[in-house]
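K.L.:
could you work out the structure for the sequence below:
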Amino acid sequence: MDSFEIREKFLTFFKNKDHKVIDPASLIPENDPSVLFTTAGMQQFKRFYLEPNEAPGKRVATIQPCLRTSDIDEIGDESHLTFFYMLGNFSFNDYGKKEAIAWAWEFLTEVLKINKERISAAYFKGEDNIPADEESLKILKETIGLPENKIKEEGKKETFWSLGTEGSPAGPTVEFYIDDIEVWNLVFNEYILRNGKYEPAKFKGVDTGMGLERLAAVMQGQTDIFKTDLFWPMIEVLKILSLNYDRDAKSLRIIADHLKAAAFLVSTGLFPSNKDQGYVLRRLIRRVLLLSQWKEEKEIWIPKVIEKIAEIYPDLADKKDNIASIIVEEMQKFQKTLELGKKIIEKLDTLDAKIAFDLYQTYGFPLELSKEYAGLKKIKISDEDFQKEFLKHRELSRTASAGKFKGGLVGQTEQTKKYHTATHLLLAALRQVLGDHIVQKGSNITDERLRFDFSHPEKLTPEQIKQIEDLVNEKIKDGLEVKMEEMSLDEAKKSQALGVFESKYGDKVKVYSIDDPAVSGQVFSKEICGGPHVKNTGELGHFKIIKEESSSAGVRRIKAVLE
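P.N.:
Modelled structure (predicted):
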């Protein structure tokens, strides 16, 4: 069974169980400063476990592209990836453990027709004053009939999920294994973390995730996920360009994984840089270059591999040339970095872990190459010494970055509510000053500032920036009521409400509008949005644009604060 059929069967199965299929969120999270990437299918739904009435449906299902770097050191084996697809079904205060476990079993054994003898499960045995999940154990034994020797009891580390932040949902999990390979994780959110203790939650929810790549390996009779239809076409191209798979399997797996992850990140509009998501993209591309010392020029082989990725994922087809171009350009820059690093090293009398780290930190010069040069000078640089230098640096920078990922995981602070509302005023002001071609291309909101990306072909002039600021501040000074109405998506569109991320919403959407006192009967701003917002613009304070810059081709970015 190919991966496309697996996806179709999954969505059809849960549609028949009254789930609403929701389009995936972007790999770059919107309005969530707590993480760099979308790492799980539940990420776009986090707040609905606390506020189920705001969910797009009581039951939803998604196939979500995800990116995680936590296992990056494991990439190159037969089962770990940075980029992958997560199949998930979710319940927001609707069905519970019995349905979730029974449906997972039904899908695996009746839809995919996996031999029951190959399947085992694990449940939470209880730990740290959290009771054992006896309910799930009973369902595994009595409802689906798993024999005791196929059920493992595990501790908190393996079978209890929590964000670990105050006020966030948490709960025990049930994991399903096929041939002892974990394929499906079912999380039962029935606790809330308060004052360091897990208390029963007001609302209960279900959050499941199943890795498509691992499931494809099972369905295609493979133990190596890189030999599935999601990777093998890429590997075959790489084999032609390089060594055969058996001789250099690990390097080819890393290259295939990193190039696929890079391709999807570039497709979101991200560029390699030295900050945040752009830095991860840069590291992925640079590692590919280090591992691919082939005769054929990168300008030739990179487009060939990206072409193959686009065949596997047709959504990338119209972006493949741009993706290849950006990756090649980054490789060319890194090639110059390597040459510069070599020149610096050649002039040194000695080379130790501190110098190696400085080269890495300043120029991105890889430790592996520093070690090679140190060997020529008959000096050994240990990974342990290099790691010590890294930890010193991290300790120095910890204070500066401590607040970056603090909070924001669930719910919204009063300050973020203000920035949400200010973003609506900003978009309306941009359209009034620059024209109706302005549409939102992305946003990111923290307690300290807003960042807003929008379509516009050229840099804003100082005069335009002042006009926009003045218009927003005028509407703040007017103390305008922020109204919310619920309506169908079609009704919202007919009312000319703006909406960029419509796929995140259900049949009913929230429309926030701010009337324009200058024109009777007209609105200044009207947008489809999940909220939340302040009640009156007078609560916002003074709006100030602190930066206007390019985000990508044809897209500008504004950063602004409320003073």
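K.L.:
mark out where each domain of the chain begins and ends.
P.N.:
As given by automatic domain parsing, the domain ranges for the chain are 3-219, 235-347, 353-359+366-411, 414-562.
K.L.:
any chance of CSV for those, columns mean neighbour count?
P.N.:
(Each C-beta comes from the backbone N, C-alpha and C, glycine too.) CSV is the format used below for those (neighbours: other Cβ atoms under 10 Å):
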stretch, mean neighbour count
domain 3-219, 18
domain 235-347, 18
domain 353-359+366-411, 14
domain 414-562, 17
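K.L.:
among these, which gets the worst mean confidence?
P.N.:
Mean pLDDT across these is lowest at domain 353-359+366-411; the value there is a mean of 64.
K.L.:
measure stretch 123-135 end to end?
P.N.:
Stretch 123-135 has an end-to-end distance of 10 Å (criterion: Cα to Cα, to the nearest Å).
K.L.:
quick check: which element contains Leu351?
P.N.:
Leu351 belongs to no helix or strand when elements are defined using DSSP states H and E.
K.L.:
contacting residues for the closest residue to it other than its chain neighbours?
P.N.:
Distance criterion Cβ to Cβ, 6 or more residues apart in numbering; nearest residue to Leu351, sequence neighbours excluded, is Ala374 at 4.7 Å. For Ala374, the contact set (Cβ atoms under 8 Å, 6 or more residues apart in numbering) comprises Leu351, Asp352, Ala356, Lys380, Ile381.
K.L.:
now for these, which pair is the farthest apart?
P.N.:
Using Cβ to Cβ, the two most remote members of the contacts of Ala374 are Ala356 and Lys380, lying 11.2 Å apart.
K.L.:
now list whatever residues contact both of those two.
P.N.:
With Cβ under 8 Å, 6+ apart, Ala356 and Lys380 have common neighbours Lys371, Ala374.
K.L.:
ok, back up a step: in JSON lines: the domains of the chain, plus distance to Asp229.
P.N.:
Shown next, in JSON lines, are those (distance: least, Cβ to Cβ, whole Å):
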{"stretch": "domain 3-219", "distance to Asp229": "5"}
{"stretch": "domain 235-347", "distance to Asp229": "7"}
{"stretch": "domain 353-359+366-411", "distance to Asp229": "32"}
{"stretch": "domain 414-562", "distance to Asp229": "26"}
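K.L.:
between those domains, which one is nearest to Thr228?
P.N.:
domain 3-219 (4.3 Å).
K.L.:
where along the stretch 101-250 of the chain do the helices fall?
P.N.:
Using DSSP state H, counting those that start in this stretch, the helices found in the stretch 101-250 of the chain span residues 134-138, 156-159, 212-219, 232-241, 249-267.
K.L.:
off-centre distance for the first one?
P.N.:
If I follow you right, that is helix 134-138. 32 Å (Cα atoms, centre = their mean, to the nearest Å).
K.L.:
elements contacting it?
P.N.:
Judged by 3 or more Cβ pairs under 8 Å, 6 or more residues apart in numbering; DSSP states H and E, the packing partners of helix 134-138 are helix 97-106, strand 119-124.
K.L.:
closest one to Glu299 among those?
P.N.:
When the helices and strands packed on helix 134-138 are compared by Cβ to Cβ, helix 97-106 sits nearest Glu299, at 46.6 Å.
K.L.:
residues in contact with stretch 24-44?
P.N.:
The contact list for stretch 24-44 (Cβ under 8 Å, 6+ apart) reads 22, 62-69, 86-88, 90, 187, 207, 209, 264-265, 268, 270, 276-277, 280, 404-405, 407-409, 416, 420, 442-446, 501, 504.
K.L.:
so which of those are in helices?
P.N.:
Those of the contacts of stretch 24-44 mapping onto helices are Phe264, Leu265, Asp276, Gln277, Val280, Thr416, His420, per DSSP state H.
K.L.:
hmm, the last one is touching Ile445, no?
P.N.:
Yes. Look at His420 against Ile445 with Cβ atoms under 8 Å: they come within range, at 6.2 Å.
K.L.:
circling back: out of the domains of the chain, which gets nearest to Phe226?
P.N.:
domain 235-347 (5.0 Å).
K.L.:
tell me the gap between the closest one and the middle of its chain.
P.N.:
20 Å.
K.L.:
again, but for stretch 533-548
P.N.:
With Cα atoms, centre = their mean, you get 28 Å for stretch 533-548.
K.L.:
quick one: the strands in the stretch 101-250 of the chain?
P.N.:
Under the criterion DSSP state E, counting those that start in this stretch, the stretch 101-250 of the chain contains strands at 119-124, 151-154, 160-162, 169-178, 181-194, 197-211.
K.L.:
indicate which one of these is closest to Glu469.
P.N.:
Of these, nearest to Glu469 by Cβ to Cβ is strand 169-178, at 39.2 Å.
K.L.:
that closest one: partners in the sheet, and parallel or antiparallel?
P.N.:
The pairing partners recorded for strand 169-178 under DSSP bridges are strand 119-124 (antiparallel), strand 160-162 (antiparallel), strand 181-194 (antiparallel).
K.L.:
coming back round to it: check which helix or strand the residue nearest to Leu351 maps to.
P.N.:
Counting by DSSP H and E, Ala374 is part of helix 367-376.
K.L.:
then that helix to CSV, C-alphas only?
P.N.:
Extracted in CSV, the C-alpha atoms of helix 367-376 (Å, rounded to 0.1, in the frame of the first residue of the first chain):
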residue,chain,number,x,y,z
LEU,A,367,34.0,20.9,14.0
GLU,A,368,34.7,17.9,11.8
LEU,A,369,37.0,20.0,9.5
SER,A,370,38.7,21.7,12.5
LYS,A,371,39.5,18.2,13.8
GLU,A,372,41.0,17.2,10.5
TYR,A,373,43.3,20.2,10.5
ALA,A,374,44.2,19.7,14.1
GLY,A,375,45.2,16.2,13.1
LEU,A,376,47.6,17.6,10.5
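K.L.:
Glu153 bridge partners, please.
P.N.:
Taking DSSP bridges as the rule, Glu153 bridges to Tyr123.
K.L.:
which ones are touching it?
P.N.:
Glu153 neighbours (Cβ under 8 Å, 6+ apart): Ala122, Tyr123, Phe124, Lys125, Ala132, Leu137.
K.L.:
how near is Gln464 to Ala560?
P.N.:
14 Å (Cβ to Cβ, to the nearest Å).
K.L.:
with Lys342 instead?
P.N.:
Where Ala560 is concerned, Lys342 sits at a distance of 44 Å (Cβ to Cβ).
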